[in-house]
Structures are given as structure tokens and as C-alpha cells.
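Trainee: Output the structure for:
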Amino acid sequence: MRIQRYIAKDMRSALAQVREAMGPEAVILSSGMVGDQVEVVAAIDVEIAREFAAPRGAAPPVTQPEPGTLPRRASSQLSDALVPKAAAPAAVVAPAPEQNNELANEVKDMRRMLEAQLATLAWNDMSRRSPLQAAMLKELAQLGITQDLAGSLASRIPANLNFSAARRFALATIARTVQVTGDRWLETGGRIAFAGPAGAGKTTLLAKLAARWVLRHGPRRVALVSADAVRIGAHEQMHMLGRLLGVTAHTVYDVAELPELLDALSGQQLVLIDTAGASPRDPDLARHLRLMKQANPHIETSLVIPASIQAGAIEEAMKLFAVAQPASCVITKVDEAVSLGGVLSALVRHKLPVAYLSDGQRVPEDLQPARAHTLVSRAVEIASRNGATADDEVMQRRITGAVHGRR
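Mentor: You can find the predicted model right below:
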């Protein structure tokens, strides 16, 4: 093992020296500051170092024989004549698959260690060179904002701002980016089909909207449709809701029946369609969503996303339910969420407008038209209430995760 110490003006220069002297297989053992300079201690296997140092295709050096000695070729010929030839070397045996797997795992472990060390160096270097940007990345991480969006926001912050102003700038930028639809469903009506994961709260949302419509416009010109033939008692629940509100309720057992029913309901100003909840991994999900989209060109599909699920599940649902071409979304279970950063990140990335926020089970009280600044304020409030923190170790893991995500 060859160990070498390098000193440079910054981390980038030090790593460049390591790569130039030892090659890309070098491993960083430690790093630190020596005065105003960066010190890096790197190591590499001796055999690898020799291969890296030797120029490829170079011929071996030619040496002159000492006086009184035979040239190497003559000496070799004399030895061949006097010494019997050795037996031919045995065939090289390929390593067993278990050995290959073990070697591959060791290489992966070394790579992870090296990436973790590089992430530590990168975060320490950023904290020293751009303390405001590092502080904002921590703040956004506490809100649950994904690494890519947090990095984009932090890079756009003007350098002359203090931390409070930079924080307001970042939050205001998120609020300006999130799109909302307003209260147009309850003002002008429409034909809205609610799609989303199982347990997202679609039926409760439909009940809140229907009750709001009845309170504002009366029970006329509104209809409820249950297209959920999967959940036990779903049709009965819809008809019971219709009786309580004094509105008509209808049932379809297949999405293909929707066009005929919607033609019969052409005189209704607002038609709310409850669909079956499905797992994003359901192999038939794409087919059902396409059929629903083709049922009537005037149907607006709205994706119902529970804020209580993890950021990765929100992103997965956004991608898989995109087959239905949703024109809007509704965020439910805001009161159960431990973080709204995943929701905000998905809304910014997919540019999907938000129609309503649902934050409880009460009908129709716990429903409000979406406001971007309200959603951002709730994200800050929830993070503060839950005591969310992001220390240096968390930030280093996020940087490592971002590196893996770019591959």
C-alpha cells in the first residue's frame, strides 16, 4: 500500500493532484486544513500504482552487460542448454462464481466508502466556501424538499442576502412555482373523475365537494357516480350519500359504461365520479386509466394524493397515474402528514395544478381551495412542529444519494 500526502489551495486542486499522481483508483484516507490550505492523505495499492505509473506499450529498458559477463541472450541460451526445461505451466483456473461475487461485493463496498468520503469532503468544502448556500440546503432539507429542487433553489439565491432574506426568497420561489386552479369546480361545475392510490380519501373528498355544492347552489344539477366496483360497499355508500344530500347517485360496474351514463346526465352542471383505488404497481392500472380517459373527452381527471405517504410514493404515483393525463390534483390528509416537502417537490417537478387541500374527516368543513402560499406555510409549520433537523451527516447522505440518482 502506497500512502501519499498532498497539500493544495482548495479541495478541487488537491483531488486533481491525487488523480494525476495515483490515478482514479486512489482512496482518500483523510482530509483537513493546514493553515489556509487543504491537506489530503490518499492511498493506493502498490501493484495498481506501478501499472498507472508505467506508460502503456513501452518497451523494457535495455541494459548493457558488465565487462566479463555474457550478454543476457547468450546467458539465457547457455542456461537452456545446461538446465533441463521446466514443465509447461498448468492451465489457469477461472475463479469460482462465489469468488467473483465476493470480489464484486468488495469493490462495491470500497466504492461506497469512497463516495461517502467524497460526499463528506464536498459538503465540508461547500460549508467553508458558500456558508449561505449550505445553510439554505439544510433549511430546505428540514422541510423535506428533495435534493435536486433544493440545489436548484439554493443556486438561485443572490449572494448579497442574509439568511432570513435568503429563506424568504426560497420559500417565495416555491410558492410562485406551485400552480393552483382556484374554486372553479364549485363555481362553474364540470365532470370530474377522481383517481388515485387506494386509501387516498377520494370518497370523502367527493362527499365534501357535493355537500359544498348543495350548500351553495342547492341539490339540483349535481350528480354522483360510483365507478368503484372493487371496494366492498362502495356503491351503497355513494347511494347513502346521495340520499343524505338529496342528490341523484348512479352506479357503473365498468368504466366502459361511463359514456352512456354521462350522456344521460348531460343536463347536470356538476358530475363527481368516484373511481376504484388502485396500487401504483397494479399491472391493469394503465389500461383502466386509459379507458377512463377515453370514456368522454369532457371528463377532467383529478389525481388525489395523500400527503401522509412518503415522498418516493408520491413521486411514483405522479408518474404512474400520468397515463390518465390528470389536469389537476387534490392533496388530502394534510393533517396526517409529517412533512409536505415531498408534495411540494412533486408539484414543482410535474407542474400539476392543485385544486383543493383536505385536512380532516369533517364534511364539508375540512376542505379549502388550494393557495400556494398556504401550502408552503403549512410545510414550514409541520416541519417546525415535528422538530425536523438536518445535521451534517444527513446532508452528506443527501449528497451521496444525489450522486447515485444521476447515474
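
Trainee: May I ask which helix or strand encompasses the most centrally placed residue in the chain?
Mentor: The residue lying closest to the centre of the chain (Cα atoms, centre = their mean) is Gly312, at 5.8 Å. Here Gly312 sits within helix 311-320, counting by DSSP states H and E.

Trainee: contacting residues for the closest residue to Gly267 other than its chain neighbours?
Mentor: The shortest distance from Gly267 to any non-neighbouring residue, by Cβ to Cβ, 6 or more residues apart in numbering, is to Arg221 (7.3 Å). No exception for glycine: its C-beta is placed from N, CA and C like everyone else's. Listed by Cβ atoms under 8 Å, 6 or more residues apart in numbering, the contact set of Arg221 reads 189, 267-270.

Trainee: Low-confidence ranges, this structure, go.
Mentor: Scanning the chain for pLDDT under 70 picks out the ranges 1, 45-100, 112, 114-130, 229-230, 277-296, 389-407.

Trainee: Show me the strands in it, by range?
Mentor: 2-8, 27-34, 37-44, 190-195, 222-227, 248-251, 270-275, 299-306, 328-332, 354-358, 367-369 (DSSP state E).

Trainee: Leu205 versus Ala324, what's the distance?
Mentor: 16 Å (Cβ to Cβ, to the nearest Å).

Trainee: What residue spans form the domains of the chain?
Mentor: In terms of domains, the chain is parsed into 1-53+115-129, 131-177, 184-386 (source: automatic domain parsing).

Trainee: which residue ranges form the helices in the stretch 1-150 of the chain?
Mentor: Assigned by DSSP state H, counting those that start in this stretch, the helices in the stretch 1-150 of the chain fall at 11-22, 46-53, 72-82, 97-129, 131-143, 147-155.

Trainee: cool, the stretch 251-400 of the chain as well?
Mentor: 258-264, 285-295, 311-320, 341-350, 372-385, 392-405.

Trainee: which residues sit against the fifth one?
Mentor: Spelled out, it's helix 372-385. By Cβ under 8 Å, 6+ apart, helix 372-385 touches 142-144, 171, 174-176, 178-180, 331, 334, 337-341, 343-344, 354, 357, 368.

Trainee: Mind checking which of those residues are buried?
Mentor: Buried members of the contacts of helix 372-385, scored by 16 or more other Cβ atoms under 10 Å, are 142-144, 171, 174-175, 178, 180, 331, 334, 337, 339-341, 343-344, 354, 357.

Trainee: Help me confirm that Gln133 comes into contact with Ser152.
Mentor: No. Counting by Cβ atoms under 8 Å, Ser152 is not a contact partner of Gln133; they are 11.6 Å apart.

Trainee: Between the two, which is the more surrounded one?
Mentor: Ranked by neighbour count (other Cβ atoms under 10 Å), Gln133 and Ser152 place Gln133 first, with 18 against 13.

Trainee: could you check the distance from the more buried one over to Arg176?
Mentor: 20 Å.

Trainee: ok, now Asp254?
Mentor: Counting by Cβ to Cβ, the gap from Asp254 to Arg176 is 43 Å.

Trainee: Thank you kindly, that will do.
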